[in-house]
Structure formats: structure tokens, C-alpha cells
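Trainee: Generate a structure from the sequence data that follows.
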Amino acid sequence: MIQNKRKTGNRIIYVDVLKTRFNDLDPYGHVNASVYLDYIISSRWNYLEKMMKVSSADLIQKGIGFFLVNSNINYKRPIKGATEVS
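Mentor: Next up, the predicted model:
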């Protein structure tokens, strides 16, 4: 589900809403740190499909894809339990 897309200066801010899955959670009920990148990658594909009208299958067929060179996440607060994440 798309929450919104807005332009701020030269940047487009896209907000996607994803649901946590049971296997995303650690024994304390928090989303595991490694899963945050999965959410980012899923949102990137959702943006292409929903906003740019480009399917992942089309990109894969053309040999176009994404790769992650570096990541650094500053966690503001834990995501707890079964919920929606934006």
C-alpha cells in the first residue's frame, strides 16, 4: 500500500507500508536488525512497480537490477510485534 509520495527540493520521498512477518521477529518480539534491509529492498521494488509502472520481471528480463554497495542504519526505536511498518 502506498502511503504517499512527495517531492522535497530535488528529492522524492516515497513511503511504503509493509506488514511484519512472524519470522521477522527475534525472541524479544522486535524486528531483527537484518530484516530492515529486506524492508528497504521490498519498498524499492514496490516503488518501481506502483509509481513507475515497471515490473520486476521486465527489469530482470533486461538484465537490470539493484545492488547494495554499503548500508548504515541508525535505529530510532525498535519495531515490535506484528504490525505495519512505513
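
Trainee: per-residue confidence at Val31?
Mentor: Looking at Val31, its pLDDT is 94.

Trainee: How far off centre is stretch 62-69?
Mentor: Mean-position distance between stretch 62-69 and its chain equals 16 Å (CA atoms, centre = their mean, to the nearest Å).

Trainee: need the longest helix for this protein.
Mentor: helix 33-51 (DSSP state H).

Trainee: and for that one, what are the contacting residues?
Mentor: The contact list for helix 33-51 (CB atoms under 8 Å, 6 or more residues apart in numbering) reads 2, 5, 14, 16, 18, 24, 54-56, 59, 66, 68, 71, 73, 75, 85. For every residue, glycine as well, the C-beta is placed using N, CA and C.

Trainee: May I have that helix as PDB, with CA atoms only?
Mentor: Presented in PDB, the C-alpha positions along helix 33-51 are these (Å, rounded to 0.1, in the frame of the first residue of the first chain):
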ATOM      1  CA  ALA A  33      18.100  -5.900  12.500                       C
ATOM      2  CA  SER A  34      18.900  -7.800   9.400                       C
ATOM      3  CA  VAL A  35      15.300  -7.600   8.300                       C
ATOM      4  CA  TYR A  36      15.300  -3.800   8.000                       C
ATOM      5  CA  LEU A  37      17.300  -4.000   4.700                       C
ATOM      6  CA  ASP A  38      14.700  -6.500   3.400                       C
ATOM      7  CA  TYR A  39      12.000  -3.900   4.000                       C
ATOM      8  CA  ILE A  40      14.000  -1.300   2.200                       C
ATOM      9  CA  ILE A  41      14.600  -3.600  -0.800                       C
ATOM     10  CA  SER A  42      10.900  -4.600  -0.900                       C
ATOM     11  CA  SER A  43       9.900  -0.900  -0.800                       C
ATOM     12  CA  ARG A  44      12.300  -0.100  -3.700                       C
ATOM     13  CA  TRP A  45      10.700  -2.800  -5.900                       C
ATOM     14  CA  ASN A  46       7.200  -1.600  -4.800                       C
ATOM     15  CA  TYR A  47       8.100   1.900  -5.800                       C
ATOM     16  CA  LEU A  48       9.100   0.800  -9.300                       C
ATOM     17  CA  GLU A  49       6.000  -1.300  -9.800                       C
ATOM     18  CA  LYS A  50       3.500   1.100  -8.300                       C
ATOM     19  CA  MET A  51       4.800   4.500  -9.200                       C
END
